[in-house]
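sharing a model that was predicted from the sequence below.
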Amino acid sequence: MADAMQVITLTPNPAIDHTVTLERLDPGAVHRARAEQFEAGGKGIGVAAVLAALGVRVAAGGWLGAENPQRFERSFAQAGILDAMWRVPGRTRTNIKLADTTHGETTDINLSGIAFDPVLQAGAEQGLLDKLVPLVGPGTWVTLAGSLPPGVTPSDMARVATVLRGHGARLMVDTSGAALRTLLDALQPAPDFIKPNRAELEELVGKPLPTVAAVADAAADLQQGGIALVIVSLGGEGAVIASGGARWFAATPKVPVATTVGAGDALVAGTLGALIAGRAPLDAAVFGMACAAARIQRIAPSLPPLAEIDALAAQIVPQSI
Ligand SMILES: O=P(O)(O)OC[C@H]1O[C@](O)(CO)[C@@H](O)[C@@H]1O
């Protein structure tokens, strides 16, 4: 029998990230690229890469196109991530990332992914579960993150998550729009941890959240509703953390930005890594923020030595709000 994992990341819709670095992005103009880079991506895969760098035993699950899996297979092997992706007919999408070095901003163009018909969907769900169930042990964290490919519904993913929880898994959800609402309605009990950004939280609660206080109120409501840990990422501003009936705002340290792609994934991964190491939720979230600040300084999904992450964490001082 396979060893149980500490974390299984579920990526229903992985992507090869093609990052093109530009001096500045000027819509409508002809650009000369400074550099380009291809990385195995998709939210859960970004989470798995950072967890592996932290020494966590992690498997990447989800659906991978059988026509072009090589980049993923190489990167899983190099990072020490267990490949638990079920192969499906077709090509995994390539997402375009335009990194503007003048403004430290990245423009993302994400494609829709492999289309699943009902027949493929039924086989792919069972195939994936057959790979994942043996990897779940008591307390294994399962992350469900990113978009869904065409033909896969939030209810399908709720079913997969429910089976894994039935085997003792804890659940982290990082998705958006209708999928997030449907998943939260379908999952009983509520997930253990969610990480919306401000826009995703606004869509979920159906109103604008213009201030940090409004974000904190909405996060606290979700937490009272049964989600043990809610972290709302506010981009370069920082994050709001709600846990155990309290809530905090923490500002992000200012660092040079190579790409903002994967910042949220590093926040999730760092938080989970610290929770698994036995740290309290607030402390874990601060470590996650430090991982995100480290991650955005490089295009590849890697981390600097732990001392550098700890130095970033020391600059993050949460304020109770
Ligand atoms: O599944 P979505 O929402 O299209 O996002 C996928 C993108 O998000 C990332 O995982 C970064 O969070 C990229 O690697 C990927 O291109």
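Arrived safely, thanks for sending.

in this structure, which residue sits closest to the ligand?
The chain approaches the ligand most closely through G41 (2.7 Å), counting by C-beta to the nearest ligand atom. For the C-beta atoms, the positions are set from N, CA and C on the backbone; glycine is no exception.

is any part of stretch 252-267 close to the ligand?
Yes: contact of stretch 252-267 with the ligand (C-beta under 6 Å from any ligand atom) involves 261-262, 264-265.

show the average pLDDT along that stretch.
The predicted model assigns stretch 252-267 a mean pLDDT of 92.

how far out from the middle of the chain is it?
Chain-centre distance of stretch 252-267: 13 Å, with C-alpha atoms, centre = their mean, to the nearest Å.

could you do stretch 288-301 as well?
13 Å.

swap in stretch 148-167?
Put simply, stretch 148-167 sits 16 Å off its chain's centre (C-alpha atoms, centre = their mean).

next: stretch 240-257.
Relative to the centre of its chain, stretch 240-257 is centred 17 Å away, using C-alpha atoms, centre = their mean.

how long is it end to end?
Chord length of stretch 240-257, first to last residue, is 21 Å (C-alpha to C-alpha, to the nearest Å).

use 635 as the first number for this chain going forward.
Renumbered: residue one is now 635, and that last one reads stretch 874-891.

pull out the buried residues from it.
Of the residues in stretch 874-891, 874-877, 881-887, 889, 891 count as buried by neighbour count, 16 or more other C-beta atoms under 10 Å.

and for stretch 725-743?
The neighbour-count check on stretch 725-743 (16+ other C-beta under 10 Å) flags 726-729, 731-735, 740 as buried.

turn these into JSON lines, including distance to the ligand and secondary structure.
Formatted as JSON lines, the buried residues of stretch 725-743 follow (distance: C-beta to the nearest ligand atom, whole Å; DSSP: H, G, I helix; E, B strand; the rest coil):
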{"residue": "T726", "distance to the ligand": "11", "secondary structure": "coil"}
{"residue": "R727", "distance to the ligand": "8", "secondary structure": "strand"}
{"residue": "T728", "distance to the ligand": "9", "secondary structure": "strand"}
{"residue": "N729", "distance to the ligand": "4", "secondary structure": "strand"}
{"residue": "K731", "distance to the ligand": "7", "secondary structure": "strand"}
{"residue": "L732", "distance to the ligand": "12", "secondary structure": "strand"}
{"residue": "A733", "distance to the ligand": "13", "secondary structure": "strand"}
{"residue": "D734", "distance to the ligand": "17", "secondary structure": "strand"}
{"residue": "T735", "distance to the ligand": "19", "secondary structure": "coil"}
{"residue": "T740", "distance to the ligand": "10", "secondary structure": "strand"}
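
quick check: the farthest pair among those?
Taking every pair in these and measuring C-beta to C-beta, the maximum separation is 27.6 Å, between T726 and T735.

run through the strands of the chain in chain order.
For the chain, the strands defined by DSSP state E cover 641-645, 649-656, 669-675, 692-699, 716-722, 727-734, 739-743, 775-779, 804-808, 827-828, 863-867, 872-877, 880-885, 953-954.

can I get those strands in a markdown table with distance to L843?
A markdown table is the format used below for the strands of the chain (distance: least, C-beta to C-beta, whole Å):
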| stretch | distance to L843 |
| --- | --- |
| strand 641-645 | 28 |
| strand 649-656 | 28 |
| strand 669-675 | 28 |
| strand 692-699 | 31 |
| strand 716-722 | 35 |
| strand 727-734 | 27 |
| strand 739-743 | 22 |
| strand 775-779 | 22 |
| strand 804-808 | 18 |
| strand 827-828 | 15 |
| strand 863-867 | 9 |
| strand 872-877 | 10 |
| strand 880-885 | 13 |
| strand 953-954 | 18 |
